[in-house]
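**Q** Structure for the following, please:
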Amino acid sequence: MKLEIARALFLIGALAVTTVAVAAWEEPRPAVFSKAEVGGLCAVPHEVKQQNTVQPDHDLLLFLFGMRQGLRPFG
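**A** Numbers count the residues shown, from 1 in each chain. Next up, the predicted model:
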């Protein structure tokens, strides 16, 4: 086989592999749907549980601060 034919076949094979890799790499981009686009589909679950607001525990914050102060070297 001539060198030119081998080069051409190698180039065609490399382009084919690159094309398959690009096709496999292509993924749909994330998008935000509006209510009009969703249509009749239900965008919200049937049972929506009430979420209680959590108040921060200041004692825990004070405890962590005290633990951090104890890690300082003496002197």
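**Q** any idea how far Gln69 is from the most centrally placed residue in the chain?
**A** Computing the C-alpha centroid of the chain and ranking residues by C-alpha atoms, centre = their mean puts Pro30 first, at 10.0 Å. Remark: distance between Pro30 and Gln69 (C-beta to C-beta, to the nearest Å) = 44 Å. All C-beta atoms are positioned from the backbone trio N, CA, C, and that covers glycine.
**Q** and what of Glu26?
**A** 54 Å.
**Q** do the same with Met1
**A** Distance from Met1 to Gln69, counting by C-beta to C-beta: 78 Å.
**Q** Glu26: neighbouring residues, count only.
**A** 8 (other C-beta atoms under 10 Å).
**Q** And it, how far from Thr53?
**A** Separation of Glu26 from Thr53 (C-beta to C-beta) stands at 43 Å.
**Q** next one: Phe65
**A** Separation of Phe65 from Thr53 (C-beta to C-beta) stands at 24 Å.
**Q** Repeat that for Val32.
**A** Per C-beta to C-beta, Val32 is found 26 Å from Thr53.
**Q** and if you look at Thr18?
**A** Distance from Thr18 to Thr53, by C-beta to C-beta: 53 Å.
**Q** pLDDT of stretch 65-75, averaged?
**A** Across stretch 65-75, pLDDT averages out at 73.
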